[in-house]
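Student: Have a look at this prediction, sequence included:
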Amino acid sequence: MVEDMTDDEKRHDQLTRAPKSDERDAAPRIETSEGEDGRTRIDVADTASVRPGKTVREDD
């Protein structure tokens, strides 16, 4: 039951439910840490399969 799932389990379930999805789709895409000034820092994870910015097509 969905109500018995943790937030992480719900996220994983949602991201791997599509027919062609796999475990990489559920991999964390961001990392958070607390900066020296007490603010939360958000970085794109090195392991993220999807990254912001311009994409390079292989056939170009």
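Tutor: Received, thanks. Numbering: from 1, shown residues only.
Student: how long is stretch 9-24 end to end?
Tutor: One end of stretch 9-24 to the other measures 15 Å (Cα to Cα, to the nearest Å).
Student: hmm, I was thinking of stretch 10-28
Tutor: First residue to last in stretch 10-28 (Cα to Cα) measures 14 Å.
Student: how far is that stretch from where the chain is centred?
Tutor: Relative to the chain's own centre, stretch 10-28 is displaced by 10 Å; criterion: Cα atoms, centre = their mean, to the nearest Å.
Student: Quick check: chain neighbours aside, which residue is closest to residue 35?
Tutor: residue 41 (4.7 Å; Cβ to Cβ, 6 or more residues apart in numbering). Where you see a C-beta, it was placed from the backbone N, CA and C, and this is true even at glycine.
Student: Within the sheet, what are the partner strands of whichever strand or helix holds the one you found, with directions?
Tutor: Using DSSP states H and E, residue 41 falls within strand 40-44. Sheet pairing here is set by DSSP bridges, and for strand 40-44 it gives strand 30-34 (antiparallel).
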